[in-house]
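Trainee: Below: sequence and its predicted model.
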Amino acid sequence: MIAQKPEFEIWFVTGSQDLYGPATLEQVAKDSQVVVKGLNAAGTVPYPIVWKPTVRSAEEISAVCEAATADRKCAGVITWMHTFSPAKMWIRGLLVLGKPLLQFHTQFHRDLPWGSIDMDYMNLHQSAHGDREYGHITARLGLKRSIIAGHWQDKETQRRLGAWSRVAGAVTEGRSGRYVRFGDNMREVAVTDGDKVAAQIQLGWSINSYGVGELVKRVNAVTPAQVDKLLEEYKKTYVIAPELLNTPKQLERLKVQARLEIAIEAFLVEGKYLAFTTSFEDLYGLDQLPGLAAQRLMAKGYGFAGEGDWKTAALVRAVKLMGEGLSGATSFMEDYTYHLEGGKEMVLGSHMLEICPSIAAGPVKIEIHPLGIGGKDDPARLVFNAAPGEATNASLVEFGDRFRLLVNEVKTIAVPHEMPKLPVAQAMWIPYPDFRTGLEGWIWSGGAHHTAYSTAVGAEMLQMYADQLGLEYVCIGKTSTLESVRQTLAVQELLAHKGNFR
Ligand code: MN
């Protein structure tokens, strides 16, 4: 289970009006309860869906929107117009709604009752025009929202509802999310820096630094018994060469990472932090850069990024929460080195240490090697190959007046040749739509070298995440061309100057 798991629920609100009389409204209420029960039973939404009484007036609509906004457990609101619900009644409520909004465009009955359909039936099942009236006002208000159309019993519709609910959870968690940085950004680096106040205004993320000395204090307080207990877990979970365990100096190096893991985790739990960053340039008083420690905390569900990169650390957490329980996994990632053989080009993704073992296929080894950077002692790290499959790389970058969520769909492949001297975990992928377009599109878009890499969360969810937060969204995907990416960038540039994306 993911660390710091939020206890959320999703509210289901059905819109109508008093025009129809009590018998019809009773039927509307019954039908929407059946829908909620069916969606809960489908199991695609990871949080309980809570039925709310039908809203029939501006007063009732405002009341439910205000309650949703105030309720800490409410991650988002699904709205459905079973009948016609005049949308001027919705303006007041929608303007105060502070939770992710889904317009669920469905109808109670899947099939027309061909032999018996009459005007009463038509008047009860009005989503086809009721949701359009409602959709007009959400469009006119320019609300941040998602839209899903389809019958509520359809498997694909249920899957998409699940995807939206996952996004709603990540958005709402972020609204009050706390993130800690040990030290500052790597000096002189542009893309990992940025405006933390702007991020808090738009995403809610509260990002604060602590001097690494705070960590040193906690590392020194870790007891030998705690370390021994964790070492037993390492031995059970990973492949460790006997020479490592039998060489006192190497064993001591491994224990340094165990102490770091215990100390950082205690800090995160105590402060209710969802993600953290470290910096190899700011390790004063620590013996090693957290490697194994950062990897294991990521595997528990914490977000992480290196070199003080708070945007990627918080994004890794959001993507981990979105993907929780789905097949696939999520890690901090960096585009490291290319293979440029004509027709077989690919990207070797890795980091100096910190790739999450949740993405591994095959054995995960603990190894100790020099870092070659930062001037500290040799850190232990987990070394493995990433599982092949369809994946996404997502990068949140800042342009001064806005944040851009940039996504590249990629295909991760089995490593074609062993790399016995590579001292770190790795993933190997080919960008979509092709290697050259993937790279040129990314660089035109100003994307970072750091990403949230995921085989669990695809572009569909990432786009919903951007929609719900009002982030600029650019995807280099299977059907993209360099022209389509550059046109998107040009249009977004104009929209940004009009004040969108904030
Ligand atoms: Mn890096």
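Mentor: Received the coordinates, thanks.
Trainee: ok, which residues in this structure are in contact with the ion?
Mentor: When proximity is defined by C-beta under 5 Å from the ion, the chain lies next to the ion at 306, 334. The way it works is simple: take the backbone N, C-alpha and C, and place the C-beta from them, glycine included.
Trainee: Would you point out which residue is most central in the chain?
Mentor: Central residue of the chain (C-alpha atoms, centre = their mean): residue 319, 2.0 Å from the mean position.
Trainee: and that one, what does it touch?
Mentor: 170, 330, 394, 452, 454, 456-457, 462 (C-beta atoms under 8 Å, 6 or more residues apart in numbering).
Trainee: sec struct for it, please.
Mentor: helix (DSSP: H, G, I helix; E, B strand; the rest coil).
Trainee: ok so, going back, just send the contacts of residue 319 back as TSV, with secondary structure and pLDDT too.
Mentor: Output for those, formatted as TSV (DSSP: H, G, I helix; E, B strand; the rest coil; pLDDT from 0 to 100):
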residue	secondary structure	pLDDT
170	helix	99
330	strand	98
394	strand	98
452	strand	98
454	strand	98
456	coil	98
457	coil	98
462	helix	98
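Trainee: ok, the closest residue to residue 145 other than its chain neighbours - how many residues close by?
Mentor: Nearest non-adjacent residue to residue 145, counting by C-beta to C-beta, 6 or more residues apart in numbering: residue 101, 4.4 Å away. Residue 101 sits with 23 neighbouring residues when counted by other C-beta atoms under 10 Å.
Trainee: try residue 364
Mentor: Neighbours around residue 364, by other C-beta under 10 Å: 17.
Trainee: Am I right that it sits in a strand?
Mentor: Yes. Judged by three-state DSSP, residue 364 forms part of a strand.
Trainee: How is this protein partitioned into domains?
Mentor: Taking automatic domain parsing as the reference, the chain has its domains at 9-175, 178-500.
Trainee: Now do the SS call for the residue of the chain most remote from its centre.
Mentor: Largest separation from the mean C-alpha position in the chain: residue 115, at 47.7 Å (C-alpha atoms, centre = their mean). Following three-state DSSP, we place residue 115 in the coil state.
Trainee: thought residue 56 was touching residue 24?
Mentor: No. Under the criterion of C-beta atoms under 8 Å, residue 56 is not in contact with residue 24, lying 11.0 Å apart.
Trainee: any idea of the pLDDT on the residue nearest to the centre of the chain?
Mentor: Note on residue 319: pLDDT of 99.
Trainee: and if you look at residue 502?
Mentor: For residue 502, pLDDT reads 75.
Trainee: cool, residue 5 as well?
Mentor: 96.
Trainee: Tell me who's in contact with it.
Mentor: With contact set as C-beta under 8 Å, 6+ apart, residue 5 has these partners: 301, 324.
Trainee: Determine whether the claim that it is in a helix is correct.
Mentor: No. Using three-state DSSP, the assignment for residue 5 is coil, not a helix.
Trainee: sec struct for the closest residue in space to residue 442 that isn't next to it in sequence, please.
Mentor: Leaving aside its chain neighbours, residue 442 sits nearest to residue 408 (5.9 Å; criterion: C-beta to C-beta, 6+ apart). Following three-state DSSP, residue 408 is assigned to strand.
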